[in-house]
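> give me a 3D structure for the following:
(one chain, ligands or ions: 1)
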Amino acid sequence: MNLLEVKNLKIWDVKTGKVIIHNSSFHLKQGSCLAIVGESGSGKSLTCRAIMRLNRSSLHQSGEILFKGENVNNLSEKEMRKKRGRSLCMILQNGMSAFDPSCVIGVHLKETLAEHFEWNKKEIEEKMKNAMESVMLKNPKEIMNKYPHQLSGGMLQRIMIALTIVLEPDIIIADEPTTALDTITQFEVIEQLIKLRERMGCSMIFISHDLGVVRKIADDVLVMKDGKIIERGGTQAIFSEPKHEYTKYLVTTRLALSDNLKKIMRGGAKVAEG
Ligand SMILES: Nc1ncnc2c1ncn2[C@@H]1O[C@H](COP(=O)(O)OP(=O)(O)OP(=O)(O)O)[C@@H](O)[C@H]1O
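Below is the predicted model:
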């Protein structure tokens, strides 16, 4: 069953009239992970933000975005707010931009959860504590009393994953969730995302420049270039028999980069062991 079906999505800038996403159609199967890859500026983030209806007001969108058969393009902002977080959850590139800098993490987490559930303060604290421990965040109580700037990028990403565990959304959209992190932390956060999928069986849209990670985590892949989907298919097929010249280029160059990462990781592990 398709949990999400995007039909003829078009996004354009009303100020300039420029079309940025041209007639994009794709679907996300229940329980599967769809990766969107492509060079910088190809339209991956705008596509995902369109699903969440989070693009700036100067960007207009048309077409159908059917979530469980309902076109989210037709929902009011109030109805959409209920869907965000509870049904469709986004893990952003930079944890720092996801949390309110003016309050401690715990306040933000409690406010988010109180918006979607009838839990009392104690229940929220208990659920968050368990979820944070499950993503290897030690001392959850201490962390909840810290401001975002007092925590590392890797910790903020884990907190976002922990919040996602508690929210149990139908779809997680992870937009380059490890780009802002150092190599070792990237590896750990990806491990947590893989575990999250295994545990919750949720569906995921995963945007990444790292094709090594895409090969590990995704079931299907969309390749985007200049606002268009130029190739799509099962992960295995995309990597072993890419058809489009651009996909061939991506697969060879990006996998070479990934191999480099693996070498660094092995080196890092040795240093840690020694
Ligand atoms: N608010 C905006 N107004 C007008 N154009 C925009 C806006 N945001 C992004 N764009 C343009 O839309 C295109 C697609 O951007 P998008 O952020 O979706 O690319 P991307 O594939 O996610 O890139 P990256 O991998 O660097 O994150 C780019 O050319 C970008 O300059």
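> sec struct for the residue of the stretch 51-200 of the chain found nearest the ligand, please.
Proximity of the stretch 51-200 of the chain to the ligand (CB to the nearest ligand atom) peaks at residue 56, 4.4 Å away. Every residue, glycine included, has its C-beta placed from N, CA and C. Of the three states, residue 56 takes coil according to DSSP: H, G, I helix; E, B strand; the rest coil.
> any idea how far it lies from residue 50?
11 Å (CB to CB, to the nearest Å).
> compare the two and say which is more crowded by neighbours.
Neighbours per residue (other CB atoms under 10 Å) separate residue 56 from residue 50, with residue 50 holding more: 26 against 9.
> the more buried one sits in which helix or strand?
If you go by DSSP states H and E, residue 50 is part of helix 44-52.
> just want the angle from the following helix or strand past that helix to helix 44-52.
Using DSSP H and E, the next helix or strand after helix 44-52 towards the C-terminus is strand 59-67. Angle, strand 59-67 to helix 44-52, by axes from the mean of the first three to the mean of the last three CA atoms, to 10 degrees: 60 degrees.
> list the buried residues for strand 59-67?
59, 61, 63, 65, 66, 67 (16 or more other CB atoms under 10 Å).
> same thing with stretch 21-36?
21, 24, 26, 28, 32, 33, 34, 35, 36.
> for these, name the two members farthest from one another.
21 and 32 (22.1 Å; CB to CB).
> dig out what residue 67 forms beta bridges with.
As for beta bridges, residue 67 partners with residue 4, residue 70 under DSSP bridges.
> contacts only, for it.
3, 4, 51, 83, 87, 88, 170, 171 (CB atoms under 8 Å, 6 or more residues apart in numbering).
> can you list those residues in a markdown table and add neighbour count and pLDDT?
A markdown table is the format used below for those (neighbours: other CB atoms under 10 Å; pLDDT from 0 to 100):
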| residue | neighbour count | pLDDT |
| --- | --- | --- |
| 3 | 19 | 93 |
| 4 | 22 | 96 |
| 51 | 22 | 96 |
| 83 | 20 | 90 |
| 87 | 18 | 91 |
| 88 | 24 | 93 |
| 170 | 18 | 92 |
| 171 | 22 | 94 |
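> those: which two are farthest apart?
Among the contacts of residue 67, 3 and 83 lie farthest apart (CB to CB), at 12.7 Å.
> and residue 115, what does it touch?
81, 85.
> and it, that one's in a helix?
Yes: Residue 115: assigned to a helix according to three-state DSSP.
> renumber starting at 617 from here on
Renumbered: residue one is now 617, and that last one reads residue 731.
> re the thing from before, out of the buried residues of strand 675-683, who's near the ligand?
When CB under 6 Å from any ligand atom is applied, the members of those adjacent to the ligand are residue 675.
> and the buried residues of strand 675-683, which is closest to residue 810?
Nearest member of the buried residues of strand 675-683 to residue 810, counting by CB to CB, is residue 683, at 24.0 Å.
> quick check, pLDDT for the closest one.
On the pLDDT scale, residue 683 is placed at 95.
> which positions in the chain make contact with the ligand?
629, 636, 654, 656-662, 672, 674-675.
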